[in-house]
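[1] Any chance you could fold what I've pasted below:
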Amino acid sequence: MILKLYEKNNNPADIQQVVDVLNDSGIIIMPTDTKYALACNALKERAVEQICRLKNIDPRKNHLSVICYDMSTISEYAKVDNNSFKLMKRNLPGPFTFILNATSRLPRIFRNRKEVGFRMPDNPIVREICSVLDAPLMVASVPFSEDEVDYLINPELMDERLGNQVDIVIDGGFGDTVGSAVIDCTTDEPEVLREGPKELDFG
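    This is a model prediction of the structure:
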């Protein structure tokens, strides 16, 4: 099922429909401020496992990523020191993934690797969903190769290809083909592991 959402003035019933699916361990495809992403309620372990299967990733070997609504939510689910907090505060919301050590508040599947990627995209649709859901979202980029550009950016084509494997495809307009920057904050000095569409402000 495809659901059209907008940057503002969405029908609250549409947002609630998405949240109900997420709370029922469902999987959605949604826009971010970079690529479109598979997403589920990060606290529903069965849904997280399903996304790992869809993406063919092993949670014991790959970093998993979550989206949080704000800095205080990130602090609930990650161990954040002062320097990392200031760096994130300066750059979020934005197209960045910060790798941090997870707390025990995330399900066991996240703690296989200890480190988890934390995101806060600058996208009103995502922020509205997170606000109503009141839980982090586990996310992974849609499973298309770089040369399948049309499928990477067009939610209608995503629905055509993946609609039978997910519960809702959110149409928030065309997406991007570039992923977020990735910054490792688990050591003393933050290290940029992957460049993204925007440069990190170190302050």
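
[2] chain center to whatever helix or strand Leu38 lives in, what's the gap?
    Element membership for Leu38, per DSSP states H and E: strand 37-41. Its chain's C-alpha centre lies 6 Å from the corresponding centre of strand 37-41 when counted by CA atoms, centre = their mean, to the nearest Å.

[3] swap in stretch 47-62?
    That offset, for stretch 47-62, works out to 14 Å (CA atoms, centre = their mean).

[4] Go ahead and name everything in contact with it.
    22, 25-27, 38-42, 64, 107, 109-110, 112-113, 138, 140-141, 143, 162, 165 (CB atoms under 8 Å, 6 or more residues apart in numbering). Placement of C-beta: from N, CA and C, glycine included.

[5] let's see 6 Å
    Ser25, Ile27, Leu38, Cys40, Ile109, Asn112, Met138, Ala140, Pro143 (CB atoms under 6 Å, 6 or more residues apart in numbering).

[6] and the fifth one, that one's in a strand?
    By that I understand Ile109. No. Using DSSP: H, G, I helix; E, B strand; the rest coil, the assignment for Ile109 is helix, not a strand.

[7] low-scoring stretches of the protein, by residue?
    Along the chain, the model assigns pLDDT under 70 to no residue.

[8] What is the three-state secondary structure of the residue nearest the centre of it?
    Closest to where the C-alpha atoms of the chain average out (CA atoms, centre = their mean) is Val139, at 3.6 Å. Of the three states, Val139 takes strand according to three-state DSSP.

[9] That one against Ala37, yeah?
    Yes. With contact defined as CB atoms under 6 Å, Val139 reaches Ala37; the gap is 4.3 Å.

[10] what ranges do the strands span in the chain?
    2-4, 28-30, 37-41, 64-67, 78-79, 94-102, 115-120, 137-141, 168-171, 181-184, 191-194 (DSSP state E).

[11] partners of the last one in the sheet?
    When pairs are called by DSSP bridges, strand 191-194 turns out to pair with strand 181-184 (antiparallel).

[12] got the CA positions of the partner strand in CSV?
    What follows is strand 181-184, C-alpha atoms only, in CSV (Å, rounded to 0.1, in the frame of the first residue of the first chain):
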residue,chain,number,x,y,z
ALA,A,181,27.8,10.7,6.2
VAL,A,182,29.0,8.2,8.9
ILE,A,183,31.0,9.4,11.9
ASP,A,184,32.5,7.0,14.4
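
[13] please begin residue numbering at 737 from this point
    Noted, 737 is the first residue going forward, which turns the last one into strand 917-920.

[14] tell me which residues of stretch 853-870 are tucked away?
    The neighbour-count check on stretch 853-870 (16 or more other CB atoms under 10 Å) flags 853-857, 859-866, 868-869 as buried.
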